[in-house]
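Coordinates only, no sequence provided:
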């Protein structure tokens, strides 16, 4: 636990504490009165209210649209199911900047709906809500659908035999069993939408701003650190509460149910009603998930031969002074940063998962919750905190390339832990004990007993960490140097400048980023063996 604790203390707790202290301290004295001053401002109250209600609305809408899909993936067997499962998961691993760009191409100025019906939804709350459903659809499919596929259908059939109607049997037998998974999925969706930044930044306009977007505005544009510090504390408390409730629901789900092999519960649809449900889910996937991505790809082609925007990526001057280097260099930068971040995340996450497997108690459970905090604490705060805290020897890293991978690894570590922990816990401890009795050192036990059993989980964890690192935006936008931009930062900069060429280049870079993430995900689906539904 020593290295993970040190990593999070230096590169997470210290930068966050530094920026909060910079905002709430005056002449070395804490000014806690600023909490009341900031939280009583009408504009801040409006931001808090909008952040909360849009997260609740996004969560409810996501559950409403995705639960039928969870049932279809859990209970139906149809051609192309595994490919469709991978396609459904693509939006979740996409950077939020790409998600916002895709919906901008669909419902924004000059988008598909604007051209066909003169209808624009950008700068409206509906664009934000739909983009959040697009991003979180896979969370419900994998979390709820994964558990649903392992519930024994004979229990519901027994209730039908005893006289219960189809709805009554579902309400009394299946729904109580699914409730913890639905609650876990709802909490995760609420967490992701409560801390939404890239989607709101691109689609919300000045009229709509979430807590994360307001922290960015107060920090980067207004330089109002006291307000940013207060909002960071509010977000920290809210996220900690969400994660605590989520951990409790996950533990309840793991211990309260007897599951069966998912391969035994799926069958081909029967009757017109089930075929109609399958068709409705497929139509939802096409319209909600594939159409925005398709429009994004279509908008990336321009010029006589359709490749003008891609060729412009090779010219630093094509962006009107947006970049010091050709935008195409962002591709290589992102890949290098993501590979380094993946290595760091595997090292830190692997050690943490091993420690959590071998030990128990309140201290370790608290350590587990601490490792999940970077998923919800403001990435903007972490990025700006890097600039403030890591500026003196021996931690003067502001000019070092490693700063970006370190920030990206903070987001990748929780995915590594959540992927490796169930597999490590499944390893029979007697195998380790037998190897130790035969004289093997702890390192050799890990290398010859644990590693062969968890090799696939390590590859899956590496894939998730790579995809997440590749799309990290909130912290990277502060610390990526102008001559070494990453793909998400380059997309945001291009969208922030007027002109058709800048817009087209943003679409082209987003398409490239989407393709890399999709390839990584498809490779994961080929090597993934755990279908329990955990992301």
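Cool, got the structure. None of these values were measured; they are calculated from a predicted model. Numbers count the residues shown, from 1 in each chain.

Strands of this structure, residue ranges please.
25-26, 29-30 (DSSP state E).

The last one pairs with which strands?
Taking DSSP bridges as the criterion, strand 29-30 pairs within the sheet with strand 25-26 (antiparallel).

List of residues touching the strand it pairs with?
For strand 25-26, the external contacting residues (CB atoms under 8 Å, 6 or more residues apart in numbering) are residue 31. To be clear about C-beta, it is placed using only N, CA and C from the backbone, and glycine gets the same treatment.

what about 10 Å?
Applying CB atoms under 10 Å, 6 or more residues apart in numbering, the contact partners of strand 25-26 are 31, 34, 225-226, 229.

Could you do stretch 165-174 as well?
With CB under 10 Å, 6+ apart, stretch 165-174 has contacts from 71, 148, 151-153, 155-164, 175, 178.

JSON lines for the contacts of strand 25-26, including neighbour count?
Below are those laid out as JSON lines (neighbours: other CB atoms under 10 Å):
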{"residue": "31", "neighbour count": "14"}
{"residue": "34", "neighbour count": "17"}
{"residue": "225", "neighbour count": "20"}
{"residue": "226", "neighbour count": "19"}
{"residue": "229", "neighbour count": "26"}
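
For these, work out which two are farthest apart.
31 and 225 (11.6 Å; CB to CB).

can you list residues touching both of the two?
23-25.

Sort out which one of those residues lies nearest residue 141 for me.
residue 23 (39.9 Å).

before we move on, the earlier item: most packed of the strands of the chain?
strand 25-26 (a mean of 12; mean count of other CB atoms under 10 Å).

Select the longest helix from this protein.
Longest helix in the chain by number of residues (criterion: DSSP state H): helix 42-75.

Mind giving me the packing neighbours of that one?
helix 33-39, helix 81-93, helix 125-148, helix 175-194, helix 198-203, helix 211-216, helix 225-256, helix 271-284 (3 or more CB pairs under 10 Å, 6 or more residues apart in numbering; DSSP states H and E).

Now do residue 187 against residue 519, distance only.
Distance of residue 187 to residue 519, given as CB to CB, to the nearest Å: 30 Å.

okay, those two: which has more neighbours?
Neighbours of residue 187 and residue 519, each counted by other CB atoms under 10 Å, are more numerous for residue 187; the result is 22 against 12.

Surely that one touches residue 242?
Yes - counting by CB atoms under 10 Å, residue 242 is a contact partner of residue 187 at 5.8 Å.

circling back: report the buried members of the contacts of stretch 165-174.
Among those, the ones that count as buried by 16 or more other CB atoms under 10 Å are 71, 148, 151-153, 156, 159, 164, 178.

would you list these in a markdown table and tack on pLDDT and distance to residue 12?
Formatted as a markdown table, these follow (pLDDT from 0 to 100; distance: CB to CB, whole Å):
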| residue | pLDDT | distance to residue 12 |
| --- | --- | --- |
| 71 | 87 | 39 |
| 148 | 79 | 35 |
| 151 | 76 | 38 |
| 152 | 73 | 42 |
| 153 | 75 | 44 |
| 156 | 76 | 45 |
| 159 | 83 | 48 |
| 164 | 81 | 51 |
| 178 | 80 | 34 |
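
quick check, nearest of the residues you listed to residue 497?
Residue 497 has its nearest neighbour among those in residue 71, at 44.8 Å by CB to CB.

Check the gap between the closest one and residue 274 for me.
10 Å.

mind checking pLDDT for residue 137?
Listed pLDDT for residue 137 reads 90.

How many residues are close by the residue nearest to it when sequence neighbours are not counted?
Nearest non-adjacent residue to residue 137, counting by CB to CB, 6 or more residues apart in numbering: residue 66, 5.0 Å away. Residue 66 has 27 neighbouring residues, counting by other CB under 10 Å.

Is residue 66 in contact with residue 148, as I believe?
No - at 11.9 Å, residue 66 and residue 148 do not qualify as touching, with contact defined as CB under 10 Å.

Many thanks, we can stop here.
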